[in-house]
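Participant: requesting a structural model of the entry that follows:
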Amino acid sequence: MLVEVTGLAVTAGDRRLVGPLDLAVAEGERVGLVGPSGSGKSLTVAAVLGEVPADLRVSGAVRVAGRPAGDPSLRGRVAGALFQDSATALDPLARVGAQLAGPARRLHALTRAAARVQAREDLARLGFADPEDVARAWPATLSGGQRQRVALALALAGRPRLLVADEPTTALDTVSQAAVLDLVDRLAPALLLVSHDLAVVARCCTRVLVLSDGRVVEEGATAAVLAAPQHPVTRALVAAARAGPS
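Facilitator: Have a look, this model is predicted:
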């Protein structure tokens, strides 16, 4: 099993924010986490990445590729991360190509020239028609959709076995959302995806877990859960999605 979470609990003082919660992701599997705001989705994936804020207490076991979450050897090589705001991933003071070449050199001992070639190949793979121009660009000169595609390229630059994506399309327009989702669906190896949008989860994930108050209240094959939701929280999410924006 690529990701194994057993008895995860995250607490702030006496208040339990997540758990107890179990979660597993197999090699190549696509798993979605959905739930109301504040249900613990982002904290759960933060625990998988070993990035729960220091002022919170974490208990239970979280292992990725057999190693404890947060093991420095995991980041980039085993697990890549993509978040809602590309500004958190990209260095505004470094050109795009240099940022993409960094993980290739660090994780796979490529020469500077080989890493430079891989960076441009990755940009082409991410749908950029002019990878050389984008590689020379500063992040601030790119559109939001372009920056998120670069952030995805950065998350995958180390050729990880797992992509953890937390609301990766929320800040994008409809066209950019579709482009990023196409790329995630095509390029991600295993996927652990957080989204408030059930359509996104239905598109990208074969299995879904529904969270409420930090616990899993329903899980199963995505198509089956969304077609016939059993828990009141799931039914409310499906009804809201069918009703569309208010």
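Participant: next, the buried residues of stretch 60-69.
Facilitator: If you call a residue buried by 16 or more other C-beta atoms under 10 Å, then stretch 60-69 has these buried ones: G60, V62, R63, V64, A65, A69. From N, CA and C alone the C-beta is placed, and that goes for glycine too.
Participant: save the residues you listed as JSON lines, and put in pLDDT too.
Facilitator: Listed next are these as JSON lines, based on pLDDT from 0 to 100:
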{"residue": "G60", "pLDDT": "95"}
{"residue": "V62", "pLDDT": "95"}
{"residue": "R63", "pLDDT": "94"}
{"residue": "V64", "pLDDT": "94"}
{"residue": "A65", "pLDDT": "92"}
{"residue": "A69", "pLDDT": "90"}
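Participant: quickly name whichever of the residues you listed is closest to E121.
Facilitator: Taking C-beta to C-beta as the measure, A65 is the one of the buried residues of stretch 60-69 closest to E121, at 25.3 Å.
Participant: for that closest one, what are phi and psi?
Facilitator: Main-chain dihedrals, A65, degrees, to the nearest 10: phi 50, psi 40.
Participant: check contacts around the closest residue to it other than its chain neighbours.
Facilitator: Across the structure, with C-beta to C-beta, 6 or more residues apart in numbering as the measure, the residue nearest A65 apart from its sequence neighbours is V78 (4.8 Å). Taking C-beta atoms under 8 Å, 6 or more residues apart in numbering as the definition of contact, the neighbours of V78 are V64, A65, R67, P160, R161, L162.
Participant: which one of the residues you listed is nearest to A202?
Facilitator: L162 (20.5 Å).
Participant: burial of that closest one, as a residue count?
Facilitator: A count of neighbours around L162, defined by other C-beta atoms under 10 Å, yields 24.
Participant: ok, what's across the strand from it?
Facilitator: Beta bridges link L162 to A79, A190 when assigned by DSSP bridges.
Participant: that one contacts P189, correct?
Facilitator: Yes. The criterion here is C-beta atoms under 8 Å, and L162 meets it with P189 at 6.5 Å.
Participant: check the offset of stretch 227-235 from the chain's centre.
Facilitator: The gap between where stretch 227-235 is centred and where its chain is centred comes out at 24 Å by C-alpha atoms, centre = their mean, to the nearest Å.
Participant: residues in contact with it: which ones?
Facilitator: Judged by C-beta under 8 Å, 6+ apart, the contacts made with stretch 227-235 from elsewhere in the structure are G35, P36, V210, S212, V217, E218, V225, L237, V238.
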